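> Got a sequence here, can you model it:
(one chain, ligands or ions: 2)
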Amino acid sequence: MFQDRNMTCIECGAAFVYTADDQEYHQKKCYGTEPKRCPECREARRRQARKSTRAAQLAAAAAAAPPPPPVPARVERPRAFSSEGARPGGGGGGGGGGGWGPPRGRGPGDRPLFETTCGACGGKAQVPFEPKQDRPVYCRDCFVKMKGPRGPRF
Ligand SMILES: [Zn+2]
Ligand SMILES: [Zn+2]
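Numbers count the residues shown, from 1 in each chain. Ligands and ions are numbered 1, 2, ... in the order given. A predicted model of the protein is given here:
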């Protein structure tokens with residue numbers, strides 16, 4: 001069914017034989033077109049095509065390189081809000097200056113004093129407790145002297 005055909009290469013003008021096998025091969029591959037070049041030129045073109053396709057692949061790979069990471073868009077805050085929030089505070093928390101001071105622990109002023117007579121020196125004594133007759137009450141000075149250097153302890 002297939003016959004060898006004498007062909008002329010359109011590339012180099014060389015005569016070549018389009019063999020029956022080649023024709024059958026082309027028929028099977030459904031190439032449809034007859035070879036217009038000699039096997040050498042065909043091989044050369046094939047190499048060239050392979051080279052070019054490889055170059056194309058490289059170019060495609062380069063083009064398909066991952067793009068730089070997208071820069072996140074900076075979120076602008078509404079100016080109205082920020083200026084409202086930055087309003088200088090009025091008079092909050094000034095640190096209570098006058099008025100009540102901190103409660104004193106053992107000040108003589110925060111408990112009622114009873115005036116009596118010192119049992120040691122006979123002078124006036126002010127004691128923070130109600131003096132009782134069965135106990136001697138001393139003035140502060142005498143109390144400190146009797147109790148020692150620790151200080152007054154009422
Ligand atoms: Zn040729
Ligand atoms: Zn005294």
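> and the host helix or strand of Lys51, how far from the chain's centre?
Assessed by DSSP states H and E, Lys51 sits inside helix 39-63. Offset of helix 39-63 from its chain centre (C-alpha atoms, centre = their mean, to the nearest Å): 49 Å.
> Outside of that helix itself, list whatever touches it.
By C-beta atoms under 8 Å, 6 or more residues apart in numbering, the surrounding residues in contact with helix 39-63 are 9, 11-12, 14, 16, 35, 37. From N, CA and C alone the C-beta is placed, and that goes for glycine too.
> Buried residues of that helix, list them for me.
By neighbour count with 16 or more other C-beta atoms under 10 Å, helix 39-63 contains the buried residues Cys41.
> Residue numbers of the chain in contact with ligand 1?
9, 11-12, 14, 38, 41 (C-beta under 5 Å from the ion).
> you'd agree Pro66 is in a strand?
No: read with DSSP: H, G, I helix; E, B strand; the rest coil, Pro66 is coil and lies in no strand.
> so what's the backbone phi/psi at it?
Per-residue torsions, Pro66: phi -60, psi 130 (degrees, to the nearest 10).
> Show me which helix or strand of this protein is least confident by mean pLDDT.
In the chain, no helix or strand scores lower on mean pLDDT, DSSP states H and E than helix 79-85, which sits at a mean of 55.
> Can you list the strands that the helix or strand just after that helix pairs with?
Next in sequence after helix 79-85, counting helices and strands by DSSP H and E, comes strand 114-117. Strand 114-117 has the following sheet partners, assigned by DSSP bridges: strand 124-127 (antiparallel).
> From Asp21, how far off is the nearest residue to Thr8 once chain neighbours are set aside?
Leaving aside its sequence neighbours, Thr8 sits nearest to Ala15 (C-beta to C-beta, 6 or more residues apart in numbering; 5.5 Å). Relative to Asp21, Ala15 is positioned 18 Å away (C-beta to C-beta, to the nearest Å).
> which residues of this structure score low on pLDDT?
By pLDDT under 70, the weakly predicted segments of the chain are 32, 77-110, 149-154.
> hmm, 80 instead?
1, 30-33, 66-69, 72, 74-112, 133, 147-154 (pLDDT under 80).
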